[in-house]
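Enquirer: Need a 3D model of the following:
(one chain, ligands or ions: 1)
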Amino acid sequence: MCGIFGYTGKRVVVETVLQGLKRLEYRGYDSAGIAGLHGDQLLFCKQVGKIDTLQERVQSEGMVLDLAIAHTRWATHGKPSDVNAHPHFDASGKLALVHNGIIENEAELKQELKKKGIAFTTDTDTEVIAKLIGWFYEGDLLRALKTALPLLKGAFALAMIHEEHPGKLIAVARQSPLLIGVGKGETFLSSDANAFASYTREVIPLSEGEVAILTASSIQIFNASLEMIEKERHELDMEIAAPTKGSFAHYTLKEIFEQPQAARNALLSHCDEEQGVAIFPEFRVMPLDAEFIQRLLIIACGTSFHAGLIASYSIEEMARIPVTVEIASEFRYKQPLILPGTLVVAISQSGETADTLAAVRLVKAQGFKVIGLCNVQGSTLAREADETIFLKAGPEVGVCSTKAFTSQLTVLTLLSLFLARYREMSREEGQRFIKELYQLPNQIQRILDQSDEIERIAKKYAHLSEVFFIGRNLMYPAALEAALKLKEISYINANAYPGGELKHGPLALISPESLLVALTAHEPTFDKIQSNIQEVKARGAAVLAICYEGEKRLEARVEDQLFIPRTRGVLTPILTTVALQLFAYYIAKERGASIDQPRNLAKSVSVE
Ligand code: G6P
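Expert: Numbers count the residues shown, from 1 in each chain. Purely as a prediction, here's the structure:
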């Protein structure tokens with residue numbers, strides 16, 4: 001995690017850098033800092049808290065800089081504090097450095113440097129990098145890097161400045177994103193191209209240990225052996241409208257309400273109504289040879305992993321193709337066996353999750369092609385996957401994923417349709433399926449229209465400290481996602497179980513102070529989930545059931561019901577999710593939680 005932004009050029013440097021940094025705040029917001037050169041003087045300001053607080057201080061101090069680097073932090077080594085905030089410095093105080101990533105051998109290096117008499121003032125691994133480079137520095141920064149970088153273990157991106165090298169930004173990236181934005185007489189550096197996309201569309205991504213020396217008018221790039229290389233420039237084709245909250249209290253709420261449009265965007269140009277089949281026109285090279293696909297492997301983390309899990313049910317049900325879904329951080333350390341005929345799909349909203357990217361590299365190294373499912377154009381996944389399907393959900397700012405998740409589900413349902421039509425699904429059945437898909441945006445809207453009722457129910461349960469979610473079949477992963485949403489933004493201990501597992505342990509936790517949220521809108525397992533509700537009610541807990549409209553069978557048995565439009569089973573998780581996103585949102589609001597930026601979390605997890 002952590003966001004890096006750097007700038008040199010003719011604009012007002014401090015303002016430009018802080019504006020860029022704000023677009024990276026989704027990557028972490030424990031502390032923020034800026035360092036820059038004014039003439040030959042190194043100036044800096046850093047403190048715990050969000051970028052707005054830093055900005056106020058910098059403005060009140062009237063800081064003026066000729067070029068600068070800045071950082072927004074998600075703490076890995078050392079608690080969030082002023083002292084641990086970036087930038088960090090070498091022993092001379094002339095080198096300032098900001099860092100995204102983790103140095104795995106930080107303890108050993110620190111030990112070595114201490115033996116040489118170097119003192120440390122912070123708990124961060126970043127200070128070790130700064131002190132190490134400083135130790136080797138004898139007037140030539142590149143030479144110092146040549147000795148220092150091979151000693152660092154881990155994945156990282158670095159930006160630095162040095163008092164003795166005015167006019168220069170130095171950047172390093174090893175398996176962590178760092179992109180150069182090439183302007184006219186100005187140069188940008190950022191963890192995410194989106195942060196400078198409103199200034200320039202020309203981008204050079206750094207990778208695999210590359211080093212760049214940047215001035216306002218020149219860019220020199222070196223490979224990991226520090227030999228100068230030429231790198232291609234890419235043209236960004238992402239939308240650049242800066243996201244705003246509009247009239248909504250939070251980005252999260254706005255993004256929940258954007259879901260009808262996001263679903264429309266996900267469906268757009270992906271359906272051939274005449275043939276009753278899904279199409280993927282964005283594929284540039286790779287034909288999706290459906291006949292040869294014998295199994296699917298889906299890799300993802302967090303909410304994207306839940307989307308993959310739900311899709312595994314719909315693909316197996318519709319296309320009768322076996323699907324394995326793996327948490328990327330587990331998969332990559334498993335020595336996985338991937339069988340021939342496997343189509344690999346990596347799902348990542350940001351396209352920057354370090355574990356997902358590492359898993360993709362592992363799969364590619366074994367000779368398999370990877371399809372990326374991603375929301376952010378220009379992201380690392382989009383560059384590294386063989387083909388990418390973009391969600392077109394628009395920027396998602398709230399740390400908890402909402403619209404990207406339902407868009408992922410929509411696209412994955414299209415993939416299920418695509419594969420099913422190559423197997424046993426008839427054209428007529430495909431046409432009927434597309435008709436139901438087209439109803440999704442309006443059905444989502446009907447749930448959003450119930451937000452007052454959902455808020456009323458949420459307020460009733462907002463005081464609880466523990467909530468249980470149950471579902472069966474594909475409503476089980478939908479329950480996992482609902483529980484994740486609630487814990488992420490309200491800090492309530494929320495856990496999800498398959499209905500049938502309650503009696504294997506979780507029932508021991510149920511008491512009259514518990515709330516059970518039962519995801520019942522799945523006809524084949526309705527009777528079974530109804531029995532689970534009875535088991536929980538017998539122990540005195542309250543029950544909120546998410547039901548199809550018109551569901552009368554539970555009326556007398558549960559405290560509350562929320563209704564979703566009746567649709568085909570594989571589409572129900574989308575509608576159930578929207579209702580439970582609102583439920584989580586209103587509980588968090590009632591508890592006064594920091595909804596868009598929950599404590600300890602970040603939107604993009606670029607550390608392993
Ligand atoms: C973080 C975010 C989650 C997200 C997960 C995976 O934990 O807070 O919302 O689901 O990363 O992110 P990705 O961008 O790979 O989908």
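
Enquirer: List phi and psi for residue 228.
Expert: phi -70, psi 140 (degrees, to the nearest 10).

Enquirer: That one - how many residues pack around it?
Expert: Neighbours of residue 228 under the rule other C-beta atoms under 10 Å: 11. Heads up, the C-betas are built off the backbone N, CA and C, glycines and all.

Enquirer: and it, bridged to which residues?
Expert: residue 222 (DSSP bridges).

Enquirer: Residue of the stretch 301-450 of the chain closest to the ligand, please.
Expert: residue 302 (2.8 Å; C-beta to the nearest ligand atom).

Enquirer: Over to the stretch 151-300 of the chain?
Expert: Counting by C-beta to the nearest ligand atom, the stretch 151-300 of the chain gets nearest the ligand through residue 300, at 6.3 Å.

Enquirer: Also the stretch 501-608 of the chain?
Expert: For the stretch 501-608 of the chain, C-beta to the nearest ligand atom, closest residue to the ligand: residue 605, 4.6 Å.

Enquirer: Angles on the backbone of that residue, please.
Expert: Torsion angles at residue 605 (phi, psi; degrees, to the nearest 10) stand at phi -100, psi 80.

Enquirer: quick one: it and residue 357 touch, right?
Expert: No - Residue 605 is beyond contact range of residue 357, at 10.5 Å (criterion: C-beta atoms under 8 Å).

Enquirer: Residue 101 belongs to a strand, doesn't it?
Expert: Yes - assignment of residue 101 by DSSP: H, G, I helix; E, B strand; the rest coil places it within a strand.

Enquirer: Beta-bridge partners for it, please?
Expert: Applying DSSP bridges to residue 101 gives these bridge partners: residue 156.

Enquirer: got it, and residue 542?
Expert: With DSSP bridges as the rule, residue 542 is bridged to residue 515.

Enquirer: circling back to that earlier point, return the distance of the closest residue to the residue of the stretch 151-300 of the chain closest to the ligand other than its chain neighbours relative to residue 363.
Expert: Nearest residue to residue 300, sequence neighbours excluded (C-beta to C-beta, 6 or more residues apart in numbering): residue 347, at 4.0 Å. According to C-beta to C-beta, to the nearest Å, residue 347 and residue 363 sit 13 Å apart.

Enquirer: which neighbours do those two share?
Expert: residue 299 (C-beta atoms under 8 Å, 6 or more residues apart in numbering).

Enquirer: Pick out whichever of these two has more residues nearby.
Expert: Using other C-beta under 10 Å, the more surrounded residue of residue 347 and residue 363 is residue 347, with 34 against 21.

Enquirer: Which of the helices or strands spans the more buried one?
Expert: Assessed by DSSP states H and E, residue 347 sits inside strand 342-348.

Enquirer: Summarise which helices and strands that strand is packed against.
Expert: strand 295-300, helix 302-319, helix 354-365, strand 370-374, helix 403-422 (3 or more C-beta pairs under 8 Å, 6 or more residues apart in numbering; DSSP states H and E).

Enquirer: what's the angle from it to helix 354-365?
Expert: On the basis of axes from the mean of the first three to the mean of the last three C-alpha atoms, to 10 degrees, strand 342-348 is oriented at 160 degrees to helix 354-365.

Enquirer: Show me what strand 342-348 is in contact with.
Expert: Contacts of strand 342-348 (C-beta under 8 Å, 6+ apart): 288, 293-301, 304-305, 307-308, 328, 338, 356-357, 359-360, 363, 368-374, 379, 381, 385, 408, 412, 415.

Enquirer: Can you give me the first-to-last residue distance of stretch 589-597?
Expert: 13 Å (C-alpha to C-alpha, to the nearest Å).

Enquirer: What helices and strands are in contact with the lowest-mean-pLDDT helix or strand in the chain?
Expert: Using mean pLDDT, DSSP states H and E, strand 234-235 stands out as the lowest-scoring helix or strand of the chain, at a mean of 88. If contacts are counted by 3+ C-beta pairs under 8 Å, 6+ apart, strand 234-235 sits against strand 202-205.
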